[in-house]
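Colleague: Here is a sequence together with a model predicted from it:
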Amino acid sequence: MAIWNGPSTLARHLLRVRALQERTGGFTEFVPLPFVHMEAPIYLKGFARRGPTFRESILMHAIARIVLHPVIRNIQVSWVKMGQEGIQACLNAGVNDLGGTLMNESISRAAGTVHGQECDPLEMERIIKNAGRRAVQRTTLYNDVSSERATAAYNAGAPGGNCLRSNIMTDTKSVIAVIGGTGNQGSGLAMRWAKAGHDIIIGSRDAVRATQVATEITAMAPAASEWGNVRGADNLSAASEGEIARAGGSLFKPDRHYHPDCRSP
């Protein structure tokens with residue numbers, strides 16, 4: 001267990017990682033993972049300090065780029081830990097890698113993060129482009145990905161459980177309301193269903209934000225594609241107008257009931 005003595009602890013750690021890489025060349029990337037303390041048992045029992053602030057987390061990524069260059073060329077940011085705002089800040093502070101897509105992420109959520117369970121390739125690409133960078137898929141060893149594998153990644157089905165049930169992805173075009181669809185998970189699912197030809201209504205307590213996200217998703221569609229239409233609305237309107245709705249990881253028919261999680265942004 002590391003003993004925290006302030007920034008000097010982090011500095012010594014980075015220098016030792018660099019020295020180890022110079023001897024072995026075994027690291028492909030460095031991933032600073034900020035400690036999520038809010039619901040972590042070790043913190044709640046008084047055995048750990050609070051996690052870093054947002055600013056400290058960004059600085060750690062930036063300093064890692066400076067200290068480890070050029071022996072470790074890839075600095076990765078985790079969307080699970082940092083969220084969309086953190087990703088964009090890190091991409092402008094020395095980071096060149098974003099990971100990973102994941103499926104039903106639970107560890108960080110159990111500790112208190114609020115950035116969702118999954119971030120699929122389309123959503124990653126959208127976030128990267130919004131930061132003014134170009135998204136390129138890679139292999140584990142940072143080699144180019146074949147076109148076949150890239151296509152498979154974009155066409156991958158949604159994870160199991162309640163995130164997506166197979167009866168949605170049919171040949172029948174549906175109007176799907178994604179309640180609370182402005183976050184990573186919701187907008188990622190909205191893009192996937194729009195790509196399959198379904199019309200999407202992004203729902204949020206903030207209808208303006210929902211419309212903004214809908215516009216961003218629409219901008220991702222290739223010219224002359226068969227993507228469905230995507231628009232934004234407030235949660236109640238979206239749930240009322242959609243034939244099928246998603247909220248809090250579950251699916252329901254809006255004409256039957258209004259799911260309590262629809263109140264979430």
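Modeller: Done, it's in.
Colleague: buried stuff in the longest helix along the chain?
Modeller: The single longest helix within the chain, with elements called by DSSP state H, is helix 7-24. Going by neighbour count (16 or more other C-beta atoms under 10 Å), the buried part of helix 7-24 is 10, 14, 17, 18. From N, CA and C alone the C-beta is placed, and that goes for glycine too.
Colleague: check contacts around the first one.
Modeller: Translated: residue 10. Each residue near residue 10 by C-beta atoms under 8 Å, 6 or more residues apart in numbering is listed here: 60, 63.
Colleague: what's the answer for the last one, then?
Modeller: When contacts are counted by C-beta under 8 Å, 6+ apart, residue 18 touches 67, 68, 71, 72.
Colleague: Please name the nearest non-neighbouring residue to residue 43.
Modeller: residue 37 (4.1 Å; C-beta to C-beta, 6 or more residues apart in numbering).
Colleague: repeat for residue 29
Modeller: Using C-beta to C-beta, 6+ apart and skipping the chain neighbours, the partner closest in space to residue 29 is residue 74 (3.8 Å).
Colleague: what's the spacing between that neighbour and residue 242?
Modeller: According to C-beta to C-beta, to the nearest Å, residue 74 stands 41 Å off from residue 242.
Colleague: So which of the two has more stuff around it?
Modeller: Using other C-beta atoms under 10 Å, the more surrounded residue of residue 74 and residue 242 is residue 242, with 25 against 17.
Colleague: Provide the backbone phi and psi angles at the more buried one.
Modeller: For residue 242, the backbone dihedrals (degrees, to the nearest 10) come out as phi -80, psi 140.
Colleague: Please look at it and residue 176 and confirm they touch.
Modeller: Yes. If you go by C-beta atoms under 8 Å, residue 242 and residue 176 touch, sitting 5.8 Å apart.
Colleague: Strands along the stretch 151-265 of the chain, start to end?
Modeller: 175-179, 199-204, 230-234, 244-247, 250-252 (DSSP state E, counting those that start in this stretch).
Colleague: between these, which gets the lowest average pLDDT?
Modeller: Across these, strand 250-252 has the smallest mean pLDDT, namely a mean of 38.
Colleague: Name the SS class of residue 136, please.
Modeller: On the three-state scheme (DSSP: H, G, I helix; E, B strand; the rest coil), residue 136 is labelled coil.
Colleague: Any idea how many residues pack against it?
Modeller: Neighbours of residue 136 under the rule other C-beta under 10 Å: 11.
Colleague: mind saving the C-alpha coords of the longest helix of the chain as PDB?
Modeller: Taking C-alpha atoms only, helix 7-24 is exported to PDB below (Å, rounded to 0.1, in the frame of the first residue of the first chain):
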ATOM      1  CA  PRO A   7       2.700  15.400  -4.900                       C
ATOM      2  CA  SER A   8       6.200  14.100  -4.200                       C
ATOM      3  CA  THR A   9       4.700  10.600  -3.900                       C
ATOM      4  CA  LEU A  10       3.200  10.900  -7.400                       C
ATOM      5  CA  ALA A  11       6.500  12.300  -8.800                       C
ATOM      6  CA  ARG A  12       8.500   9.300  -7.400                       C
ATOM      7  CA  HIS A  13       6.000   6.900  -8.800                       C
ATOM      8  CA  LEU A  14       6.300   8.400 -12.300                       C
ATOM      9  CA  LEU A  15      10.000   8.400 -12.200                       C
ATOM     10  CA  ARG A  16      10.100   4.700 -11.100                       C
ATOM     11  CA  VAL A  17       7.700   3.700 -13.800                       C
ATOM     12  CA  ARG A  18       9.900   5.500 -16.400                       C
ATOM     13  CA  ALA A  19      13.000   3.700 -15.000                       C
ATOM     14  CA  LEU A  20      11.300   0.400 -15.200                       C
ATOM     15  CA  GLN A  21      10.200   1.000 -18.800                       C
ATOM     16  CA  GLU A  22      13.700   2.000 -19.800                       C
ATOM     17  CA  ARG A  23      14.900  -1.300 -18.500                       C
ATOM     18  CA  THR A  24      12.200  -3.600 -19.800                       C
END
